[in-house]
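Chemist: any chance you can model this:
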Amino acid sequence: MATGTTTLPPLTVRAKLDRTPGRFGIGFFALALVIGCGYAVMNLVNDLSRVHTASSYPFVLLGFALAIALGFEFVNGFHDTANAVATVIYTHSLEPHVAVVWSGIWNFIGVLTSSGAVAFGIISLLPVELILRVGSGAGFAMIFALLTAAIIWNLGTWWYGLPASSSHTLVGSIIGVGIANQLMSPNSATSGVDWNQAINVGKTLLISPLVGFICAGLLFLLSKMFVHDPALYTSPEGTEPPPFWIRCLLVLTCTGVSFGHGSNDGQKGMGLIMLILVGTVPTAYALNHAISQATTPDFVAVSEHAVHVIERYVPPSAEVASPQAELKAYVSSHDFNRRVLPALEQLIEQTTGSLNHYGALRNIPAGETTNYRNNMYLVSETLNILKRSKTQVIAKQDWIVLDNYRKHIDDATKFIPVWVKVIVALALGLGTMVGWKRIVVTVGERIGKQHLTYAQGASAEITAAITILAADRLGLPVSTTHVLSSGVAGTMAANHAGLQWSTVRSLAAAWILTLPASIALSGSLFWLFRHF
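Modeler: Residues are numbered from 1 along each chain as shown. Have a look, this model is predicted:
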């Protein structure tokens with residue numbers, strides 16, 4: 001329908017959006033939900049069977065915390081996954097409900113194949129003392145506050161059809177908890193935000209919309225220069241799908257964005273779920289029991305090599321009264337002093353001695369599990385910070401040994417069971433099935449003044465897929481929403497199609513306000529929950 005200079009999508013698109021998925025679609029997803037939930041519950045029950053406690057309180061707390069974490073992923077599906085299907089729906093490449101199911105399948109595959117680097121990168125933003133005491137009241141107040149704040153903000157922006165970033169929201173919530181914890185614990189050296197890591201993540205989230213806008217626009221202009229098929233630069237007519245090769249291209253780009261979203265965004269909830277599992281039932285989840293006893297001699301040998309390397313930089317007879325406290329302070333402040341390396345050496349020797357004594361991670365007594373995991377976490381984070389530090393206190397050639405040792409530690413502590421990935425993927429898919437329409441309409445109709453052309457949709461999604469997958473490889477969180485929405489805007493600008501500035505202003509306002517709003521909300525909730 002033409003209104004002045006603005007060309008809106010035909011009413012036939014809205015008619016498609018209003019259709020119900022039908023019995024087959026509902027039945028297919030219901031079956032997948034039952035199978036996936038059954039698999040997750042079966043594995044969870046099997047893991048918990050190794051936990052011996054007279055109280056049911058940890059299990060009640062676990063169920064409540066998991067429900068909130070999965071609620072965050074459910075709402076995440078409202079926003080980010082819906083972005084991936086907007087272009088294929090508005091170009092008639094796929095029917096809406098077929099597109100949603102197809103996107104859900106590739107989100108699922110992306111979650112299952114994810115590395116976990118983004119998950120634990122997000123966790124490293126949290127205050128060190130709360131990570132090490134995640135099973136305490138303060139630890140659960142942290143989890144509940146940041147997830148509740150993220151859910152509230154995401155629901156609010158979704159209600160108004162604004163493609164706000166779940167990644168942006170979660171990072172703001174984490175910073176809010178860190179600031180509140182610092183204000184409530186002014187005498188603690190390890191209570192605040194890891195600002196170095198927060199700045200790195202913040203740069204990624206702030207730059208990604210600019211990358212989306214510029215790269216999608218350039219890709220669109222390049223396609224005009226080298227691909228001269230006029231059909232690629234037209235808008236859909238009626239309900240007819242595009243030519244076969246264009247349709248294949250658009251379905252492929254939708255697949256790439258969906259897979260990338262699952263591999264990146266799905267990890268954010270997984271990291272928090274692992275914290276919840278470690279806090280409630282450390283006996284089952286603090287250490288990776290999948291590592292067999294046969295690997296213990298190799299682990300011990302690698303640990304001893306690491307100790308020999310660090311000994312070269314430690315003065316003779318250097319002792320630290322509390323290596324844990326020393327490394328806690330260093331991981332939080334990043335301020336290097338002469339006690340850090342002796343503390344690191346002592347803690348590596350302690351963890352290696354315990355493992356050598358018990359023979360395997362699964363044999364470490366339940367009462368020692370949490371402390372053992374915390375020691376390994378501190379060693380890993382200390383090595384990570386030392387390597388990234390501008391002041392190189394360890395020679396470059398020695399990092400070959402230390403990186404190998406750190407990989408062994410991370411395999412033991414930074415792991416994600418398959419059932420966690422399955423349940424997160426299902427929560428994302430269910431959220432998409434319920435709330436996809438509002439965000440799809442915004443991306444498809446309210447950013448540009450003219451209908452999306454095939455080339456614009458493909459350029460925006462190719463840019464989004466490449467950006468997300470690259471960020472995943474680097475272990476950095478990135479916003480699918482920001483990259484794709486700004487990519488659509490970039491192609492509209494490159495095509496001189498015009499932008500609907502009221503929508504652009506709303507998107508920019510949501511982008512700007514998300515961080516302070518989520519910081520204030522999560523900080524307030526943390527203060528409130530700490531009193532309970």
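Chemist: count of neighbours near residue 466?
Modeler: Residue 466: 17 surrounding residues under other CB atoms under 10 Å. For glycine as for every other residue, the C-beta is placed from the backbone atoms N, C-alpha and C.
Chemist: what's near enough to touch it?
Modeler: Remark: with contacts taken as CB atoms under 8 Å, 6 or more residues apart in numbering, residue 466 is in contact with residue 256.
Chemist: so what's it scoring on pLDDT?
Modeler: Note for residue 466: predicted pLDDT of 90.
Chemist: please tell me how far it sits from residue 459.
Modeler: Residue 466 sits 11 Å away from residue 459, going by CB to CB, to the nearest Å.
Chemist: what of residue 68?
Modeler: Distance from residue 68 to residue 459, counting by CB to CB: 38 Å.
Chemist: neighbour count: the two, which is higher?
Modeler: The residue with more neighbours, out of residue 68 and residue 459, is residue 459; 29 against 18, by other CB under 10 Å.
Chemist: now do the SS call for that one.
Modeler: Three-state call for residue 459 (DSSP: H, G, I helix; E, B strand; the rest coil): helix.
Chemist: wouldn't it be in contact with residue 224 here?
Modeler: No - the pair residue 459 and residue 224 does not pass the contact test of CB atoms under 8 Å, sitting 10.0 Å apart.
Chemist: please, which helix or strand holds residue 290?
Modeler: Of the helices and strands defined by DSSP states H and E, none includes residue 290.
Chemist: list the contacts for the closest residue to residue 283 other than its chain neighbours?
Modeler: Closest residue to residue 283 in three dimensions, ignoring its sequence neighbours and counting by CB to CB, 6 or more residues apart in numbering: residue 366, at 4.4 Å. Residue 366 makes contact with 52, 282, 283 under the criterion CB under 8 Å, 6+ apart.
Chemist: measure the second one to residue 275 for me?
Modeler: This points to residue 282. With distances taken as CB to CB, residue 282 is found 11 Å from residue 275.
Chemist: these two: who's more crowded?
Modeler: When neighbours are counted by other CB under 10 Å, residue 275 comes out ahead of the other of residue 282 and residue 275, with 26 against 22.
Chemist: so how far is the longest helix along the chain from its chain's centroid?
Modeler: Secondary structure of the chain read by DSSP state H shows that its longest helix is helix 244-280. Here the centre of helix 244-280 is set off from its chain's centre by 9 Å, with CA atoms, centre = their mean, to the nearest Å.
Chemist: now stretch 472-480
Modeler: 8 Å.
Chemist: repeat that for stretch 109-127.
Modeler: If you compare the mean C-alpha spot of stretch 109-127 with that of the full chain, they lie 5 Å apart, counting by CA atoms, centre = their mean.
Chemist: export that stretch as PDB, just CAs?
Modeler: Taking only C-alpha atoms (Å, rounded to 0.1, in the frame of the first residue of the first chain), the coordinates of stretch 109-127 have been written out as PDB:
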ATOM      1  CA  ILE A 109      22.100 -27.200  16.300                       C
ATOM      2  CA  GLY A 110      24.000 -23.900  17.100                       C
ATOM      3  CA  VAL A 111      23.400 -24.400  20.800                       C
ATOM      4  CA  LEU A 112      24.500 -28.000  20.800                       C
ATOM      5  CA  THR A 113      27.800 -27.300  18.900                       C
ATOM      6  CA  SER A 114      28.700 -24.100  20.900                       C
ATOM      7  CA  SER A 115      32.100 -24.000  22.500                       C
ATOM      8  CA  GLY A 116      31.100 -22.500  25.900                       C
ATOM      9  CA  ALA A 117      33.700 -19.700  25.500                       C
ATOM     10  CA  VAL A 118      30.900 -17.000  25.500                       C
ATOM     11  CA  ALA A 119      29.200 -18.600  28.500                       C
ATOM     12  CA  PHE A 120      32.200 -18.400  30.700                       C
ATOM     13  CA  GLY A 121      33.200 -15.000  29.300                       C
ATOM     14  CA  ILE A 122      29.900 -13.700  30.600                       C
ATOM     15  CA  ILE A 123      30.500 -15.300  34.000                       C
ATOM     16  CA  SER A 124      33.900 -13.700  34.300                       C
ATOM     17  CA  LEU A 125      32.200 -10.300  34.500                       C
ATOM     18  CA  LEU A 126      30.700 -11.200  37.900                       C
ATOM     19  CA  PRO A 127      32.300 -10.300  41.200                       C
END
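Chemist: residue 85 contacts residue 98, correct?
Modeler: No - because the distance of 9.4 Å does not satisfy CB under 8 Å, residue 85 is recorded as not touching residue 98.
Chemist: looking at those two, which one has more neighbours?
Modeler: The residue with more neighbours, out of residue 85 and residue 98, is residue 85; 29 against 16, by other CB under 10 Å.
Chemist: and the more buried one, how close does it get to residue 219?
Modeler: As it turns out, when the distance is counted by CB to CB, residue 85 lies 20 Å from residue 219.
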